[in-house]
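Colleague: the sequence isn't on hand, but the structure is:
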């Protein structure tokens, strides 16, 4: 019999299951889309029952596609989108829809905390900024707006914790995921009643799940879970990871000074450090999957989801061409962008369709559009705007001391050679693209491999299981024009602050 690892990756739109051999080779992947509901403006929710059902179906499918026996899977690891909130009642049943990391319903609560200097009081323990989709803000929102639901809360979980609960029946979380929620005293690696009281939700201390390391076995597949997934009863399940950690591990980033840039639903820019970087100007410092190290992160919802929106709204011709050629519409978009000369249009795009790293009222926009510009020019500006958003984050990391000279690029955007080259030219660093597509699932699988005793640690695991397939060197001739446009990108950020605020509160007379 062979031995295989199962990695699960639950993002904001898709649940993925991937089978890997012990050398990190991706044998098969299965995915299921989990519909997002928008009950009110700014709300992003999904059915928790559907999330589990779709994940279970993906697991069953990937086992069949891989042609392996369920008993050959020796470990299961799960990663999931960070933050949001997945609530169980005191009987272990979902009490509300799962709330995703793009949700903004608690923006007023965060704004109030900022006025009251709550962040300043919490920061020495959390080492991070507040934002509306964090569970501290969402729990406070429930207490204020849905008190009957709040009273029923028995467990406050994160996305991957809920999947692990469905697999094992155990209510657990891990340090990487929880250290990004503002619910954990990060330097001391423990929950804090004082923090919960500061947020006005002291009752929720009892609802926080027990902590585990990412590679620690927290339970085994139950008969009920086996029946719906096709897994063997008793397969060990590890604590799992925050998806940014999973992507870093799956890309081979394990040591201080290495960077991982994720071009996906979020703009994720992270550097592994030997000591925690404590700076109020940084989005967050969290506990890394390897507990000896720390992860310094700058992030916002300003990345490739902007391209998905543009394609869905405006690229009907590209979708038809892609269908006729039997390729992805994004491959067609890459070809279109590659054909637009760098100096043909000085257009700027702010990728703030789903949030920003500037202010809560910021919105997306194209600037400098003329009647002679085509959809291709807009597409190129969109690609560049997303790179500029990443660079804006990376500048903060560098200023805080999180330095690097090589970065691994992952996420859907890493598949685009033209986009990867833009990153190399604009960031002025060597960009490496790791093998495989599902780096998040592979990072989760690697954690499961450590828990199952296959690997001794993360460093040994990635040496065996990860390799680089493309390298993009900076083109110094192109860098000055990118950086000139980036300066205009930043000037426009300043110029738009007041108009964004006015538009957010504009009402008919």
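Modeller: Looks like it arrived, so ask away. Bear in mind that the values here come from a model prediction, so they are computed numbers and not experimental data. Numbers count the residues shown, from 1 in each chain.
Colleague: okay, now residue 41: neighbour count?
Modeller: Residue 41 has 7 neighbours, counted by other Cβ atoms under 10 Å. To be clear about C-beta, it is placed using only N, CA and C from the backbone, and glycine gets the same treatment.
Colleague: what's near enough to touch it?
Modeller: The contact partners of residue 41, taken as Cβ atoms under 8 Å, 6 or more residues apart in numbering, number zero.
Colleague: got it, and residue 191?
Modeller: With the criterion set at Cβ under 8 Å, 6+ apart, residue 191 makes contact with 183, 184, 185, 205, 208, 211.
Colleague: beta-bridge partners for it, please?
Modeller: residue 184 (DSSP bridges).
Colleague: where's it relative to residue 183, distance?
Modeller: According to Cβ to Cβ, to the nearest Å, residue 191 stands 7 Å off from residue 183.
Colleague: re earlier: just the buried ones among the contacts of residue 191, please.
Modeller: Listed as buried from the contacts of residue 191 are 183, 184, 185, 208, 211; burial here means 16 or more other Cβ atoms under 10 Å.
Colleague: what about the nearest residue to the first one once chain neighbours are set aside, how many neighbours?
Modeller: Spatial nearest neighbour of residue 183, excluding adjacent residues (Cβ to Cβ, 6 or more residues apart in numbering): residue 136 at 5.6 Å. Summarising burial for residue 136: neighbours were counted as other Cβ under 10 Å, giving 28.
Colleague: in the host helix or strand of residue 136, which residues are buried?
Modeller: Here residue 136 sits within helix 135-145, counting by DSSP states H and E. Residues of helix 135-145 classed as buried: 135, 136, 137, 138, 139, 140, 141, 142, 143 (neighbour count, 16+ other Cβ under 10 Å).
Colleague: between those residues, which is closest to residue 221?
Modeller: residue 135 (26.6 Å; Cβ to Cβ).
Colleague: circling back to that earlier point, for the helix or strand following the helix holding residue 136, which outside residues touch it?
Modeller: Using DSSP H and E, the helix or strand that follows helix 135-145 in sequence is helix 147-152. For helix 147-152, contacts defined as Cβ under 8 Å, 6+ apart pick out 87, 89, 90, 95, 96, 139, 142, 143.
Colleague: list just the nearest of the residues you listed to residue 438.
Modeller: For these, the residue nearest residue 438 by Cβ to Cβ is residue 87; the value is 28.1 Å.
Colleague: OK, contacts around residue 291?
Modeller: Residues in contact with residue 291 (Cβ under 8 Å, 6+ apart) are 175, 213.
Colleague: so it sits in a strand?
Modeller: No. Residue 291 is assigned coil when assessed by DSSP: H, G, I helix; E, B strand; the rest coil, not a strand.
Colleague: mind putting the buried ones among the contacts of residue 191 into CSV with distance to residue 384?
Modeller: What follows is the buried ones among the contacts of residue 191, written out as CSV (distance: Cβ to Cβ, whole Å):
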residue, distance to residue 384
183, 36
184, 37
185, 40
208, 42
211, 41
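Colleague: now do the shared contacts for residue 191 and residue 183.
Modeller: residue 208.
Colleague: ok, back up a step: looking at the contacts of residue 191, spot the one nearest residue 506.
Modeller: residue 183 (35.2 Å).
Colleague: can you report phi and psi for that closest one?
Modeller: phi -100, psi -10 (degrees, to the nearest 10).
Colleague: state the mean pLDDT of the helix ranked longest in the chain.
Modeller: As assigned by DSSP state H, the longest helix anywhere in the chain is helix 375-400. Throughout helix 375-400, pLDDT has a mean value of 97.
Colleague: check which helices and strands the helix or strand following it sits against.
Modeller: Next in sequence after helix 375-400, counting helices and strands by DSSP H and E, comes strand 406-410. Counting contacts by 3 or more Cβ pairs under 8 Å, 6 or more residues apart in numbering; DSSP states H and E, strand 406-410 packs against helix 243-251, strand 259-263, helix 417-427, strand 430-434.
Colleague: out of the ones you listed, nearest to residue 28?
Modeller: Nearest of those (Cβ to Cβ): helix 243-251, 16.1 Å.
Colleague: the strands in the stretch 1-150 of the chain, which residues?
Modeller: Assigned by DSSP state E, counting those that start in this stretch, the strands in the stretch 1-150 of the chain fall at 4-10, 14-21, 26-33, 45-46, 73-80, 86-89, 98-99.
Colleague: make TSV out of the ones you listed and add mean neighbour count.
Modeller: As requested, the strands of the stretch 1-150 of the chain are exported to TSV (neighbours: other Cβ atoms under 10 Å):
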stretch	mean neighbour count
strand 4-10	30
strand 14-21	24
strand 26-33	18
strand 45-46	22
strand 73-80	30
strand 86-89	22
strand 98-99	26
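Colleague: and residue 404, which of the ones you listed is closest to it?
Modeller: Smallest distance to residue 404 across the strands of the stretch 1-150 of the chain (Cβ to Cβ): 22.4 Å, for strand 73-80.
Colleague: quick one: that closest one to helix 243-251, angle?
Modeller: Relative orientation of strand 73-80 and helix 243-251, computed by axes from the mean of the first three to the mean of the last three Cα atoms, to 10 degrees: 130 degrees.
Colleague: I'd like to know which elements strand 73-80 is packed against.
Modeller: By 3+ Cβ pairs under 8 Å, 6+ apart, strand 73-80 packs against strand 4-10, helix 159-168, strand 236-238, strand 241-242, helix 243-251, helix 439-451.
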